[in-house]
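Asker: next input, structure requested:
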Amino acid sequence: MEAARPFLPASAPSDPNAPGPFAFADADRVQSILMQAGFTRISIQPFDMAIGGSPLDQTVALTFRVGPLASILREQPDLKPVVEEAVRSAISPYQTPDGVLMPAAVWIVSATKN
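Answerer: Numbering: from 1, shown residues only. Predicted structure coming up:
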């Protein structure tokens, strides 16, 4: 998204709690949701790793199908050719012999409901 931003029209900041791949990025929010649902003994541990493994072309294509950039491009498909090279250039440093591997941060969450 950052690579494409200079080519995109200005837009309001997105809601960090909106449904999507980053909706549970805030550990405090995750804990609050679980507590409100009656869960106890909540444990939230960070787990960072490299994810992916697809070839560069498939990875670039995925960025145009999932996430905030994909949403913008669905509404303004004429922007895709303009941003494609910037996105490809931003992703290409993550190419490895095993495909594109990018850093990811996730939570390992456990909780008990009585």
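
Asker: tell me the centre residue of the protein?
Answerer: Pro21 (4.8 Å; C-alpha atoms, centre = their mean).

Asker: residue contacts, the residue nearest to that residue when sequence neighbours are not counted?
Answerer: Leaving out its chain neighbours, the residue that sits closest to Pro21 by C-beta to C-beta, 6 or more residues apart in numbering is Gly67, at 6.0 Å. (Glycine included, C-beta is placed from N, CA and C.) Shown in contact with Gly67 (C-beta atoms under 8 Å, 6 or more residues apart in numbering): 1, 20-21.

Asker: and the longest helix seen in the chain, what's its mean pLDDT?
Answerer: As assigned by DSSP state H, the longest helix anywhere in the chain is helix 80-91. Mean pLDDT, helix 80-91: 95.

Asker: what comes into contact with it?
Answerer: Residues outside helix 80-91 that contact it (C-beta under 8 Å, 6+ apart) are 2-4, 6-8, 56, 59-60, 63-64, 69, 73, 100, 102.

Asker: buried residues in that helix, which are they?
Answerer: Neighbour-count burial for helix 80-91 flags 83-84, 87, 91 (criterion: 16 or more other C-beta atoms under 10 Å).

Asker: tell me which helix or strand of this structure sits lowest on mean pLDDT?
Answerer: Among the helices and strands of the chain, helix 68-75 carries the lowest confidence by mean pLDDT, DSSP states H and E, at a mean of 90.

Asker: so how far is it off the chain centroid?
Answerer: Centre-to-centre, helix 68-75 and its host chain are 13 Å apart (C-alpha atoms, centre = their mean, to the nearest Å).

Asker: what do you get for stretch 29-48?
Answerer: Here stretch 29-48 is found 20 Å from its chain centre; the criterion is C-alpha atoms, centre = their mean.

Asker: how far does that stretch stretch from start to finish?
Answerer: 19 Å (C-alpha to C-alpha, to the nearest Å).

Asker: and the helix or strand following the longest helix of the chain, which strands flank it?
Answerer: Counting by DSSP states H and E, the next helix or strand C-terminal to helix 80-91 is strand 95-96. Looking at strand 95-96 with DSSP bridges, its partner strands are strand 99-113 (antiparallel).
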